[in-house]
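*Asks:* have a look; sequence and predicted model below, questions after that.
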Amino acid sequence: MSLTLTAMAESPVTSGQRHPGSSSQTPQHHPRGPYISVITNRTTNLVIRGAMLFSVGVFLALVLNLLQVQRNVTLFPPDVISSIFSSAWWVPPCCGTASAMIGLLYPCIDSRLGEPHKFKREWSSVMRCVAVFVGINHASAKVDFANNVQLSLTLAALSIGLWWTFDRSRSGFGLGVGIALLATLATQLLVYNGVFQYTSPDFLYIRSWLPCIFFAGVITMGNIGRQLALYEYKVVQEKTHQD
Amino acid sequence: MTLRERLREKISAAFYRHGLLCASYPVPIILFTSASILTCCYPLLRLPLPGTGPVEFTTGVRDYTIPSHEPQGDLGEQPDWYRGPPVAYIQQVLVKAAVSPWESSLVPVDVFRSPLGRVFTLLEEIRNHVHSDSSGMRSLEALCLQVTDLLPGLRRMHSVMPEHGCLLVSPGNYWQNQRELFDSDPDLLKTVQKHEPKGLHTSATLRDLLFGVPGKHTGVSHYSRKRVVTYTITIVLGIYDARFLGSLRTRLKQLHPSANCSLREDHMVHVHFKEEIGIAELIPLVTTYIILFAYIYFSTRKIDMVKSKWGLALAAVVTVLSSLLMSVGLCTLFGLTPTLNGGEIFPYLVVVIGLENVLVLTKSVVSTPVDLEVKLRIAQGLSNESWSIMKNMATELCIILIGYFTLVPAIQEFCLFAVVGLVSDFFLQMFFFTTVLSIDIRRMELADLNRRLPAEAGLPPPKPGPLRMREVPPPPRPSPHTITLQAPAFRNLRLPKRLRVIYFLARTRLAQRIIMVGTVIWIGILVYTDPAGLRTYLAAQVSEQSPHGDSVGGGLPPHLGVAAVFPRDPTSTLSVLPAPEPTPLPENQSQGYHGPARADPHPQVPPSVPQISWGPEDEEGWRRLSFRHWPSLFSYYNITLAKRYISILPVIPVTLHLSPQEAIEMRHPQDTRHPPPTIPKVPADLQTVPADLTLYKVAALGLAAGVLLVLLLFFLYRILCPRNYGQNGVPHGRRRRGDLPCDDYGYSPPVSEISPLLLRGHSMDIECLASDGMLLASCCLAGQIRVWDAQTGDCLTVIPKHGLRRCSSGGCWDQRDAWDGMSGGVDLESPDGREPSISGDGLSEDEGYPLRRRAAPSRPTLFNDQPDLTPLIDTNFTSQPPSHPHPATPPREGFDFGGLVERAYMEHEPPSPSAYPSPSSVSSSPPMGAQLHRRRSLGDAPAPQCQERASAAVMQATPDWDSSVWALELRGNLIAAGRSSGKLELWDAVEGLLRCSNEDGNSGITALAFLNNRIVAARLNGSLDFFTVEMNKPSGLLQYRGPPSRVNMPPSPCYSNEDMISCQLTRSVQCAHQKPITVLRAAAGRVVTGSQDHTVRVYRLEDSCCLFTLQGHSGGITAIYIDQTMVLASGGQDGAICLWDVLTGSRVSHVYGHRGDVTSLVCTNSCVISSGLDDLICIWDRSTGIKLYSIQQEVGCGASLGVISESLLVTGGQGCVSFWDLNYGDLIQTVYLGQSSDGQGVRQLVVLDNAAIVCDFGSELSLVYVPSVLEKLD
């Protein structure tokens, strides 16, 4: 989170950063400093955004995994570090890659559909969204539910509530459902092939609340990705004006 | 729908009334709110403090029954966790064993070998104990807690802890409960020591677990003074059977009677363990808190336009927090005890309740009109947002209600808290936050008033100031052309982020405080987690080390240097030391030998017969263990004790007395080979020295580490923090650059010498200024246009020519060869007599007189620049304060002539039915912003009375000298001048000839734009005229002007003298705006107009078609900026700045930056710079619309702005121009334009291409080169 925080703290500044060196250049010819031009460069921007989303995804995966592990763990886990990395090493990178893809996909689809997302586009709302997402995970890990159906229903309601509170776009909903189903399918395949298994599967070898968590995660990452893309959008818009 | 509307109205009205109430009685309401918060939080005092320590509850053994699951209300003191059966019952058998009587022949190992050996028989006894009565036979196997498997992570424990069957723990576990292993173990201590963890370990060690008593109490060591071995056999029972336990107790007591034992056996203690927060659990918690803080940060960042941003942010956070506390308090009051972990759900509660309402409220209140009363502003703001607030709250309540019906207890509880929290949050918002906001806004207005007082109220106190200044020149004012720094208080510094972080750290002494807080917390944790604090730790170290040192086998006492010379072979009788020491005796010799205790000449220290005494401390020996003893024991078997309890039964005391014979029999052959206990020469120190030395060592190590840490932190602190952090004014390295004009040693670097070049020639104040980079055209109030070379400052042309003078009666022009000073006299006596001074002096002053001629000493200095008015105006007006300026004129700047001129005008002219606007009418309906308007009133004074004649005598292509020039543009060698009569004239800049004129419109031209071959003129009546300049070339060649230095000038059309130039009205947009057009800008093929009717319109230059009408301002437009990159910024009288997308006509951003009009706007590639009537210059990020920083200027300084390069900003002030570094907000230099800076504000400022700036300075023009920028440009 610290990474994202610094990145977020930097991003408003960097886009507005002026370089002392640029005074030596004639303003007509080289109006932008090197950094700005890097930011404006589309691919570089894409890579930066992707990296940020990736790190956010990895971080969230580690933390949330810890939450899940914690539930069945002893009072004194012998080693904290080992319990953080207790799951297979490939899980966090996978989550990171997935979140980067989702975070880049959302603004892309928005621009393709031609309906830019304008609902609550500010960082405080994004932070709220992330907090609610962590809260949903927390609830799924810590709260004792009577049965799994209840747990799944509650989580589904919470996820839909998350979407309604922070997204409210049809494309976001569709993409979220689609990716959630795909991810569940992938997990199912992995479980079938014995790559890993759940301690207490309740539905066809997997946990039934998994799609809800996936859906909430997709919405959250999409929210972050859209917010990040906002900076690029502004810079690029400015550039087209200049050209 | 109507119901909804009605509801909405009602809510709005209620909020309005409430806002009035809050703003009217702030103090009582805040007191009331605080009282209610405290009342609601009062029940919180009864809640137990959060902690992880176990809680105990004692019941009697005799009438013990397993508590039921249902809570029983009648048992008052019964804690709520005491429900259901415990996890386990703990029955400890406390064994105290000693070899008695002690014989000197015994070796130290004998102290514990045989007593420990007896544990196996005891175990046997316990395991085989069977109680049989009428209900059947019961053995331990049936009652004990059956464990299945150790945790897989505990491989090293496998050999020690029981893996299957009964959880029965005793020291015998070290040897797998097998006597044979014990007997064959050559070194018992080593076996015990083997399993001890290395390093500091505060939780229970294996040794504690197996022995059941703290390590130092076991007596299993070579140095045991009491020679009593204490250990326990811990039986963990799953089922409580009083009769079985009773029979076991009697049986054991019977077998091993304890003579003087009087332990109470009637109490059992139930210990409840709270949920422990490990680091692993902390990580998600910390993450949620980080997210929470990020959320708060990003939310409060949006608060703007208030007096104290941080104060309001704090109030917002306080509102949310206290509402949470209130909700917990209320829930407790009504009997809903919180069972959730408060720390965990707290961030989610904050996020659910949210800071949004507070921010929305602030924004809405702030965006109400500034000039309203505070009460009304609050009320309006509240009622504006009432509907959305209520809607949001209803939605959230609905969501929470849905959550309540999930019927999951935890979620239900969360929802309950959230509901109460939401309601109390609403209450606090309405009462607490609104009131705080009203106080804040009132403070802001007060501060505003104070700051503006000199300018606004300024009748008696400040006005005489500048007048009197004349007599007493201000001492600190340096010689002209030097640079002084503004007072640092007026500057908001812009620093790089890195530096700002460090300064922030330094300013708040953050490092210091963090160190302090960290130390305190660390100490607190130490004291808190370990019941015995550091003592236990040190003691554990000691007891751990002493046996260890011995068990190595070499017999070297570890901590004594002397020990090296001790005999290695204990059996040897040879003694290296001369001191008489009892050598260990052979086994056969020891029998019957009754000497003083071996190793101890002091008889009183170890009694020869070890006393086994039972004291009250043995009653609950487990208390001396770490409170993590039981949780860790159970955690080995994956049983958590968190939020559960165990019941500890009274101990069964067992006393064992072993005969020396027995001890010797049990010896292992190697035992005797162990060294005798070390006997130093000073025997008194024997026992104390090693322990003390260890203590000292540990203490010294700790001290050294502490000192090192402190030193390290100190260095870090020094590196991070500048030395002068405590001082005010933030002096730092950055500032050095700004200080450069004159440092302490009087040295001023030569590069900073910027000397303005004064262009003199105009007789009156300069009204219009235009430049195309190479040429400079200026027009003064007298209607004279001068053309200057922008590089050298030479005056190229004067229009009208000197010889051209007006025939006063005919209104035509005579050509004369030279000007004569007499004409002034003639004009002064002109028969009209109305306004003889204007035109007359305009000619008479022409280059003839020294510009700053001294007036009569009694006269104020202000009128030196306007000598033409002085003869006419009553000269004794200095004695009377200028107390009645024109009411409508803005009283901001310097001295206002409007009233005086108007008075003169009224005196000299009888009221005539003039169709033209009189100055007062112009004043009352200002066509432009305040600045322009004020200037207009000056220029208009001569205009109206001349109009009559002018309109009568006007001819085609005849210059109209009677109306004043309101707008001036210069392109190529053509000067376009728009006059108040509505006439557009085109002059040749080089020749000074009138090339053509157009008088299609008769409303005054307020603004002109000249782009390519098109001229756009905005008129006073709101119409917009597009003209096309066409030339008919006799030669057919378009030629460029000659001088080689001007080759690289922009390709503007140049017209040769032979061309016939015509100017035709191509299109006239009659009602471009409803009200007068105030601003007109053209760039990139677009013409943008701003008007008093709050709108901005964008026209295409080619076909003069209106592309967009941009609406978004709530006041007249006062400033517009557009450049080649199609960036359009507009500022209005509402203090708002809008950025527009010219391509789509959409609003990119909208910020409120100023209180009062935005007077000027400039954009660079990355930022937008605006100045306002509030003397503030704000720098905004162009892409995000975030305010980067602002510069507070002196009161009453000019509002002109210019950007020289991407990072250099120039502003006009009172008789000076200031250069600013845009990157950091640093003032670089202030250049004074004249000797006497007598309140001549710089009103117009033009930045030329060659990095020079031109500004008006009274009747002079000032050309300032910026050398540093020049160098960089080259």
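*Replies:* Nice, thanks for sending it over.
*Asks:* quick check: mean pLDDT across stretch B:134-150?
*Replies:* Mean pLDDT, computed over stretch B:134-150, is 79.
*Asks:* which SS class is residue 62?
*Replies:* You didn't say which chain, so I picked chain A. Of the three states, residue A:62 takes helix under DSSP: H, G, I helix; E, B strand; the rest coil.
*Asks:* sorry, should have said chain B
*Replies:* Per three-state DSSP, residue B:62 ends up coil.
*Asks:* quick check: pLDDT value at it.
*Replies:* 77.
*Asks:* now it. Nearest residue, chain neighbours left out?
*Replies:* Spatial nearest neighbour of residue B:62, excluding adjacent residues (CB to CB, 6 or more residues apart in numbering or on different chains): residue B:266 at 6.3 Å. Quick note: C-beta positions are derived from backbone N, CA and C, even for glycine.
*Asks:* doesn't residue B:1120 lie inside a strand?
*Replies:* Yes - Residue B:1120 forms part of a strand when assessed by three-state DSSP.
*Asks:* hmm, residue B:1096 and it touching each other?
*Replies:* Yes - in this structure, residue B:1120 is within contact of residue B:1096 by CB atoms under 8 Å, at 6.7 Å.
*Asks:* tally of neighbours for the residue nearest to residue B:62?
*Replies:* 9 (other CB atoms under 10 Å in any protein chain shown).
*Asks:* on that earlier part again, more neighbours: residue B:1120 and residue B:1096, which one.
*Replies:* Legend: neighbour count by other CB under 10 Å for residue B:1120 and residue B:1096, higher for residue B:1096 (28 against 22).
*Asks:* so who does that one touch?
*Replies:* Residue B:1096 is in contact with B:1088, B:1089, B:1090, B:1109, B:1110, B:1113, B:1117, B:1120, B:1128, B:1130, B:1138, B:1140, counting by CB atoms under 8 Å, 6 or more residues apart in numbering or on different chains.
*Asks:* helix, strand or coil for the third one?
*Replies:* The three-state label given to residue B:1090 by three-state DSSP is strand.
*Asks:* run through the bridge partners of it.
*Replies:* Assessed by DSSP bridges, residue B:1090 has beta-bridge partners residue B:1079, residue B:1096.
*Asks:* residue B:19 versus that one, what's the distance?
*Replies:* Noted for residue B:1090: a distance of 34 Å to residue B:19, by CB to CB, to the nearest Å.
*Asks:* where does the prediction get shaky in chain A?
*Replies:* A:1-40, A:69-88, A:196-205, A:232-243 (pLDDT under 70).
*Asks:* for burial, what's the neighbour tally of residue B:395?
*Replies:* The number of residues packed near residue B:395 is 12, by other CB under 10 Å.
*Asks:* what do you get for residue A:208?
*Replies:* Neighbour count for residue A:208, taken as other CB under 10 Å: 18.
*Asks:* surely it meets residue A:145?
*Replies:* No - Residue A:208 is beyond contact range of residue A:145, at 11.3 Å (criterion: CB under 8 Å).
*Asks:* okay, and the common contacts of these two?
*Replies:* Residues within reach of residue A:208 and of residue A:145 at once, by CB under 8 Å, 6+ apart, are residue A:151.
*Asks:* sorry, back to before: so the residue nearest to residue B:62 sits right up against residue B:60, yeah?
*Replies:* Yes - if you go by CB under 8 Å, residue B:266 and residue B:60 touch, sitting 5.7 Å apart.
*Asks:* which residues does residue B:799 bridge with?
*Replies:* residue B:785.
*Asks:* that one touches residue B:785, doesn't it?
*Replies:* Yes - Residue B:799 is within contact range of residue B:785, at 4.2 Å (criterion: CB under 8 Å).
*Asks:* follow-up on the earlier one: most surrounded residue in the contacts of residue B:1096?
*Replies:* Most neighbours among those, by other CB under 10 Å: residue B:1117, with 32 neighbours.
*Asks:* give the contact list for it.
*Replies:* With CB under 8 Å, 6+ apart, residue B:1117 has these contacts: B:1078, B:1079, B:1090, B:1091, B:1092, B:1094, B:1095, B:1096, B:1130, B:1131, B:1132, B:1133.
*Asks:* now swap in residue B:1168 and tell me
*Replies:* Per CB under 8 Å, 6+ apart, neighbours of residue B:1168: B:1121, B:1129, B:1137, B:1139, B:1161, B:1162, B:1179, B:1180, B:1181, B:1182.
*Asks:* neighbours of the first one, how many?
*Replies:* Which is residue B:1121. 23.
*Asks:* quick one, grab the pLDDT at the residue of chain B found nearest chain A.
*Replies:* Residue nearest to chain A within chain B: residue B:1181 (3.3 Å; CB to the nearest CB). According to the prediction, residue B:1181 has pLDDT 80.
*Asks:* now the contacts of residue B:1096 as a markdown table including pLDDT?
*Replies:* Below are those laid out as a markdown table (pLDDT from 0 to 100):
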| residue | pLDDT |
| --- | --- |
| B:1088 | 87 |
| B:1089 | 86 |
| B:1090 | 86 |
| B:1109 | 84 |
| B:1110 | 84 |
| B:1113 | 84 |
| B:1117 | 87 |
| B:1120 | 88 |
| B:1128 | 85 |
| B:1130 | 88 |
| B:1138 | 86 |
| B:1140 | 85 |
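*Asks:* returning to that earlier point: shared neighbours, residue B:1120 and residue B:1096?
*Replies:* Joint contacts of residue B:1120 and residue B:1096 (CB under 8 Å, 6+ apart) are B:1088, B:1089, B:1090, B:1128, B:1130.
*Asks:* Three-state assignment for the fourth one, please.
*Replies:* Classification of residue B:1128 into helix, strand or coil gives strand, according to three-state DSSP.
*Asks:* tell me the contacts of it?
*Replies:* B:1086, B:1088, B:1096, B:1098, B:1110, B:1120, B:1121, B:1122, B:1139, B:1140, B:1141, B:1142.
*Asks:* how about the residue lying closest to it once chain neighbours are set aside, phi and psi?
*Replies:* Of all residues not flanking residue B:1128 in the chain, residue B:1140 sits nearest, at 4.3 Å (CB to CB, 6+ apart). Main-chain torsions, residue B:1140, degrees, to the nearest 10: phi -120, psi 150.
*Asks:* and what of residue B:408?
*Replies:* phi -100, psi 120.
*Asks:* I'd say it and residue A:145 touch.
*Replies:* Yes - assessed by CB under 8 Å, residue B:408 is found in contact with residue A:145 at 5.5 Å.
*Asks:* what do those two both touch?
*Replies:* Contacts common to residue B:408 and residue A:145, judged by CB under 8 Å, 6+ apart, are residue A:154.
*Asks:* so is stretch A:89-103 next to chain B?
*Replies:* No - using CB under 8 Å from any CB of the partner chain, we find that stretch A:89-103 stays clear of chain B, coming within 13.9 Å at best.
*Asks:* neighbours of residue A:149, just the number please.
*Replies:* 13.
*Asks:* what do you get for residue B:265?
*Replies:* So residue B:265, with other CB under 10 Å, has 17 neighbours.
*Asks:* could you find the closest non-adjacent residue to it?
*Replies:* Closest to residue B:265 by CB to CB, 6+ apart is residue B:650, at 4.3 Å.
*Asks:* so what does the one you found have for phi and psi?
*Replies:* According to degrees, to the nearest 10, residue B:650 has phi -60, psi 140.
*Asks:* residues contacting it?
*Replies:* B:61, B:263, B:264, B:265, B:266, B:267, B:268, B:619.
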